[in-house]
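A.B. asks: for reference, the sequence and a predicted model appear below.
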Amino acid sequence: MTDIRQEHDTIGDWGKRIDDLIEGRAQGALFNVNEDDDREYDAIFLGGGAGGRFGSAYLRAMGGRQLIIEKWPFLGGSCPHNACVPHHLLSECAAQLMLERTMSGKLWFQDMTGVRAPIKELIDVFRKGRVGPHAIMNYQSKEQLDLEYVLNAEGTILDSHTVEVAGRRFRAKNLVLGLGARPQPLACDGGDLKGVYNYVNLVETLDYEPGNTVVVVGGSKTAVEYGCFFNATGRRTIMVVRTQLLKLIADQETRQYAIDRMTDQGMEIWEGSQIERLESDAQGRVCAAFIRTPQGVERVETDFVFAGLGEIPNSEMPAKVLGVKLGAKNEIIVNHKLRTSVPNVYAIGDLIGSPMEMFKARKSGTYAARCIMGEDVSYKPEDWPDFLHTHYEVSWAGLSEEEAKARYKNIITIKMPPDTPDGLNVALPASDRTMLYAFLEPKMSGFQKIIIDEATRRIVGAHHVGYGAKDAFQYLSHLMKQGLTIDQLGDLDELFLNPTHFIQLARLRAGQRTLKNL
Ligand code: KPC
């Protein structure tokens, strides 16, 4: 046990300290507890991921007293350690590699024929660098946000007010559970062989360079995001999808554009299929996958299988010790105040089920804190803007065209590329980070669409495949919920060329009394 209360590590010091703890060169819990404060804790946050950290920061900012207990030697949770941050690194590489392969041999681009980009080397780069964000989280939380925490030691719940950690007991008026989630395992014969990865063990244990064929299991965000990266490295990539790929993109035109570009890149999408079993070689590593397809069972030789099958909330301990009510997917059930079925026990983040997204982790943490501090607020994620990575960024907010047609009498769409016989073969949209595509491979320059309810002139849906638009969707979603009309959108000031073109396109039509498609 190390008492770090009076130590004021710089971010650099923190980096070294965390690295030593992760790599096993140092051990023991780190106690940053204010022993001079004799107030009872308003809340113990069990888990210092995004939810616990943001909840704690908010509660502390409101004048309360909090304690985070975290098993890892850093705050921030899985995001910077093995989830969102490495995924973004890989997705950025997928986009870069697609550009380089498309432009291969043209302009200043090297000839990419036969080039297979390393996976392990990139994972090693991430593992080496991830300590930077970890260090910032610890430093910021202690020195700037004035949070109390115990790191590098697993907390054990004793009752709804008490947690034991590294031999000490802490009591609080409330307990906030933010224990996160873990990847759903691949449930088939051989699903636990060496060479079968998910987003966690890929980062922690990959120790060889995968061969030429990758099998990805799953058809949603994680599977597609990692699958597109594996494909972009130059490997044959088979997506084994039980039902349909990317069902979560409700707008069918947007979904189809994204899928078409994936298949253009050579991805094989085996829908209606599942892994029947995995075969191992003499060393116990996967060497082949037997895949049941609508046409029969196929044997595919591979030394690398990636399962992107969603996540299971880590709810076992609170269910066993406290008896908190669980839902069908192991998630802790909470009401709109983040309260569980047990008095004074709250739950936040991935532990309460989907959407397992950062905004929900952070916001649910802050809302639990506000409720604990006596504010009459409630939170339930609704109508959030969403995104995923293929080789592109796909962002959306509001309704799909199909949903809008079902809800409104008449809808208007404004889109690029335009719905003309030239279709995808015009240099539109020409925008940030798709300019080379626009001029050299136009159909790859993206897709975008806004959907308008003709009667009210309100924007009811927005969809984008390209780059750089995700940021806008954070604000656009909010404006749409406020009732943003085509006239108001057209009256904004665009920073031309912009990734969405939505403002100027809306302005072209805003003068029309009876709106027409564009
Ligand atoms: C680099 C980065 O911000 C990702 S890590 C975020 C963890 S936290 O701030 O606690 O949500």
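C.D. replies: Looks like it arrived, so ask away. Residues are numbered from 1 along each chain as shown.
A.B. asks: which residue does the stretch 101-250 of the chain bring closest to the ligand?
C.D. replies: Of all residues in the stretch 101-250 of the chain, residue 133 sits closest to the ligand, at 4.2 Å by C-beta to the nearest ligand atom. To be clear about C-beta, it is placed using only N, CA and C from the backbone, and glycine gets the same treatment.
A.B. asks: neighbours of that residue, how many?
C.D. replies: By other C-beta atoms under 10 Å, the residues close to residue 133 number 15.
A.B. asks: shift numbering so it begins at 19
C.D. replies: In the new count, where the first residue is 19, that last one comes out as residue 151.
A.B. asks: hmm, it is touching residue 101, no?
C.D. replies: No: taking contacts as C-beta atoms under 8 Å, residue 151 lies outside contact range of residue 101: 11.9 Å.
A.B. asks: could you check how far residue 108 is from the ligand?
C.D. replies: Going from residue 108 to the ligand by C-beta to the nearest ligand atom, to the nearest Å gives 15 Å.
A.B. asks: OK, contacts around that residue?
C.D. replies: Applying C-beta atoms under 8 Å, 6 or more residues apart in numbering to residue 108 gives the contacts 140, 243-244, 247.
A.B. asks: let's have those in JSON lines, adding pLDDT.
C.D. replies: What follows is the contacts of residue 108, written out as JSON lines (pLDDT from 0 to 100):
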{"residue": "140", "pLDDT": "98"}
{"residue": "243", "pLDDT": "98"}
{"residue": "244", "pLDDT": "98"}
{"residue": "247", "pLDDT": "99"}
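A.B. asks: so which two of those residues are the farthest from each other?
C.D. replies: 140 and 243 (14.2 Å; C-beta to C-beta).
A.B. asks: the more surrounded of these two?
C.D. replies: Between residue 140 and residue 243, counted using other C-beta under 10 Å, the more crowded position is residue 243 (20 against 17).
A.B. asks: tell me the secondary structure for that one?
C.D. replies: helix (DSSP: H, G, I helix; E, B strand; the rest coil).
A.B. asks: that one contacts residue 407, doesn't it?
C.D. replies: Yes: counting by C-beta under 8 Å, residue 243 touches residue 407, with 4.7 Å between them.
A.B. asks: what residues sit buried inside the longest helix out of those in the chain?
C.D. replies: Longest helix of the chain, by residue count under DSSP state H: helix 102-120. For helix 102-120, burial by neighbour count (16 or more other C-beta atoms under 10 Å) applies to 102-105, 107-109, 111-113, 115-120.
A.B. asks: the ligand contacts on the stretch 369-518 of the chain?
C.D. replies: residue 380 (C-beta under 6 Å from any ligand atom).
A.B. asks: how many other residues sit next to the closest residue to the ligand within the stretch 369-518 of the chain?
C.D. replies: For the stretch 369-518 of the chain, the residue closest to the ligand is residue 380, as judged by C-beta to the nearest ligand atom, at 5.7 Å. Neighbours of residue 380 under the rule other C-beta under 10 Å: 22.
A.B. asks: how about a markdown table for the contacts of residue 108, with distance to residue 526 added?
C.D. replies: Below are those laid out as a markdown table (distance: C-beta to C-beta, whole Å):
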| residue | distance to residue 526 |
| --- | --- |
| 140 | 43 |
| 243 | 35 |
| 244 | 39 |
| 247 | 37 |
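A.B. asks: out of those residues, who's nearest residue 475?
C.D. replies: Residue 475 lies nearest to residue 243 out of the contacts of residue 108, by C-beta to C-beta, at 35.8 Å.
A.B. asks: which residues touch that closest one?
C.D. replies: Applying C-beta under 8 Å, 6+ apart, the residues near residue 243 are 105, 108-109, 326, 406-408.
A.B. asks: quick one: the helices in the stretch 319-468 of the chain?
C.D. replies: Shown for the stretch 319-468 of the chain, the helices assigned by DSSP state H, counting those that start in this stretch span residues 334-340, 376-390, 419-425, 453-458.
A.B. asks: looking at those helices, which one is packed in the most?
C.D. replies: Ranked by average neighbour count under the criterion mean count of other C-beta atoms under 10 Å, the helices of the stretch 319-468 of the chain are headed by helix 376-390 at a mean of 24.
A.B. asks: output that one as PDB, nothing but the C-alphas.
C.D. replies: C-alpha atoms of helix 376-390 as PDB (Å, rounded to 0.1, in the frame of the first residue of the first chain):
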ATOM      1  CA  MET A 376     -19.100   7.000 -23.600                       C
ATOM      2  CA  PHE A 377     -21.700   9.700 -23.500                       C
ATOM      3  CA  LYS A 378     -24.000   7.500 -21.500                       C
ATOM      4  CA  ALA A 379     -21.200   6.400 -19.100                       C
ATOM      5  CA  ARG A 380     -20.200   9.900 -18.300                       C
ATOM      6  CA  LYS A 381     -23.700  11.400 -18.200                       C
ATOM      7  CA  SER A 382     -25.200   8.600 -16.100                       C
ATOM      8  CA  GLY A 383     -22.300   9.200 -13.600                       C
ATOM      9  CA  THR A 384     -23.100  12.900 -13.400                       C
ATOM     10  CA  TYR A 385     -26.800  12.300 -13.000                       C
ATOM     11  CA  ALA A 386     -26.300   9.800 -10.200                       C
ATOM     12  CA  ALA A 387     -24.100  12.400  -8.500                       C
ATOM     13  CA  ARG A 388     -26.700  15.100  -8.900                       C
ATOM     14  CA  CYS A 389     -29.500  12.900  -7.500                       C
ATOM     15  CA  ILE A 390     -27.200  12.000  -4.600                       C
END
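A.B. asks: could you say what helices and strands that helix packs with?
C.D. replies: Under the contact criterion of 3 or more C-beta pairs under 8 Å, 6 or more residues apart in numbering; DSSP states H and E, helix 376-390 touches strand 59-64, helix 68-79, strand 186-195, strand 363-365.
A.B. asks: so residue 87 bridges to which residues?
C.D. replies: The partner list for residue 87 in beta bridges (DSSP bridges) reads residue 64, residue 168.
A.B. asks: burial of residue 476, as a residue count?
C.D. replies: By other C-beta under 10 Å, neighbour count at residue 476 equals 20.
A.B. asks: wait, I meant residue 290
C.D. replies: Per other C-beta under 10 Å, the neighbour tally for residue 290 reads 13.
A.B. asks: that one and the ligand, how far apart?
C.D. replies: Taking C-beta to the nearest ligand atom, one finds residue 290 at 37 Å from the ligand.
A.B. asks: quick check: closest non-adjacent residue to that residue.
C.D. replies: residue 312 (4.8 Å; C-beta to C-beta, 6 or more residues apart in numbering).
A.B. asks: surely the one you found touches residue 261?
C.D. replies: No: look at residue 312 against residue 261 with C-beta under 8 Å: they stay out of range, at 11.7 Å.
A.B. asks: list the residues that contact both of these two?
C.D. replies: residue 290.
A.B. asks: shaky segments in this protein?
C.D. replies: The chain contains no residues with pLDDT under 70.
A.B. asks: just give me the residue right at the centre of it.
C.D. replies: residue 102 (5.0 Å; C-alpha atoms, centre = their mean).
A.B. asks: was I right to think that residue contacts residue 376?
C.D. replies: Yes: under the criterion of C-beta under 8 Å, residue 102 makes contact with residue 376 at 6.4 Å.
A.B. asks: how many neighbouring residues does residue 410 have?
C.D. replies: By the criterion of other C-beta under 10 Å, residue 410 has 26 neighbours.
A.B. asks: any idea how far it is from residue 484?
C.D. replies: 6 Å (C-beta to C-beta, to the nearest Å).
A.B. asks: same thing with residue 246?
C.D. replies: According to C-beta to C-beta, residue 246 stands 15 Å off from residue 484.
A.B. asks: let's verify the nearest residue to residue 208 once chain neighbours are set aside: helix, strand, or coil?
C.D. replies: Closest residue to residue 208 apart from its sequence neighbours, by C-beta to C-beta, 6+ apart: residue 296 at 3.0 Å. Secondary structure for residue 296, judged by three-state DSSP, is strand.
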